[in-house]
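[1] dropping the sequence and predicted coords here.
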Amino acid sequence: MTDTQTGRRNPDALVRRAGKRADTRQDQHFLVDDRVLDRIPEYAVEAGVDLSHVLEIGGGPGALTDRLLGHAEGVTVVERDPDFAAHLREEFADERAADRLTVLEGDALDVSLPEFTASVSNLPYGASSEIAFRLLPRKRPLVLMFQREFAERMAAEPATDDYGRLSVTAGHYADVDVVETVPKEAFDPQPRVTSALVRTTPREPKYSVPDDDFFMGFLKGVFTQRRKTMRNAVRNTAHISGLGDPDAVVEAADEDLMSARAGNLAPADFADLATLAYEVGEPEA
Ligand SMILES: C[S@@+](CC[C@H](N)C(=O)[O-])C[C@H]1O[C@@H](n2cnc3c(N)ncnc32)[C@H](O)[C@@H]1O
């Protein structure tokens, strides 16, 4: 049932029709502010993003899904809660019949994600990292709602407290903009934290890496021991980065890079080191 003036479904009415209390342990904080809901897809439109097939992770009662259907030819929504998945199927039965909406019931970390031209989502914050690391290597534009501190880490520069694996990965695949801070009042139930919307614009990585999966594993390893020198971090975390011969990497690498800590190296340094590690460190096949 749409509001006759705006042609959009009312977010509070969607929550009522879903007929279910939000479970905050499942990150169920629903957007109920119409102005914020309208702006989210606009951030993609103003950047010229191809919205022909949008992936939404965490559909909930469907207020953002409804806005996305106003812009996209097709939307695939992934929702883990079976009650909300059933509600989305029923609420958007017309769009489903017209093949414009697909509802995938399941965990966004496990389901096989379809091809998409962009992802626009108000994410479950408990799974932000895993979802970001899953989406960034797909090299598609993203407009995603995160906890504000997470968004700041994503956009952080080297040698700052916020800089880490997330910043290097995001900066490697995309330009990252924090486009809006969103107050708690925009949600029901309200989260304890302030939120922020991030838009990423993919580009060809500035620095080539031999293999995306290896690169991600290498970053995960060295940032697990971010307070140690790279020399020790490379040696101690070989089981995470998948290196059969970490000593060969330490010996072949530049002395200064090995004496530095991960938080002080630039994204280009990680790309160089990962390339070297891939060549001489006997990575697992
Ligand atoms: C913050 S709410 C957003 C709901 C809706 N898009 C909105 O903006 O109001 C997050 C949604 O993600 C769902 N969810 C939580 N963890 C999930 C996961 N691992 N995979 C898929 N959906 C998940 C929750 O059930 C909830 O509906």
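    Received it, and whenever you're ready, just let me know what you need. Worth saying up front: this structure is predicted, and the values here are computed from it rather than measured.
[2] assign residue 197 to helix, strand or coil.
    Put simply, residue 197 is strand when judged by DSSP: H, G, I helix; E, B strand; the rest coil.
[3] what about it, how many residues nearby?
    Using other Cβ atoms under 10 Å, the number of residues around residue 197 comes to 22. From N, CA and C alone the C-beta is placed, and that goes for glycine too.
[4] cool, and residue 83?
    When neighbours are defined as other Cβ under 10 Å, residue 83 has 12 of them.
[5] same check on residue 21?
    Going by other Cβ under 10 Å, the residues that sit close to residue 21 add up to 9.
[6] likewise residue 82?
    Residue crowding around residue 82 was assessed by other Cβ under 10 Å; the count is 10.
[7] right, and residue 274 touches residue 214 too?
    Yes. Between residue 274 and residue 214 there is a contact under Cβ atoms under 8 Å: 6.7 Å.
[8] the strand or helix carrying residue 45 near the ligand at all?
    Element membership for residue 45, per DSSP states H and E: helix 34-46. No. Contact between helix 34-46 and the ligand, assessed by Cβ under 6 Å from any ligand atom, is absent, since the two come no nearer than 7.6 Å.
[9] how about the helix or strand just after that helix: buried residues?
    If you walk from helix 34-46 toward the C-terminus, the next helix or strand you reach (DSSP H and E) is strand 53-57. Of the residues in strand 53-57, those scored as buried under the neighbour-count criterion (16 or more other Cβ atoms under 10 Å) are 53, 54, 55, 56, 57.
[10] now swap in stretch 257-265 and tell me
    Going by neighbour count (16+ other Cβ under 10 Å), the buried part of stretch 257-265 is 257, 258, 261, 262, 263, 265.
[11] out of those residues, flag the one nearest to the ligand.
    For the buried residues of stretch 257-265, the minimum distance to the ligand (Cβ to the nearest ligand atom) is 28.1 Å, reached by residue 262.
[12] doesn't residue 246 make contact with residue 234?
    Yes. With contacts defined as Cβ under 8 Å, residue 234 counts as touching residue 246 at a distance of 5.1 Å.
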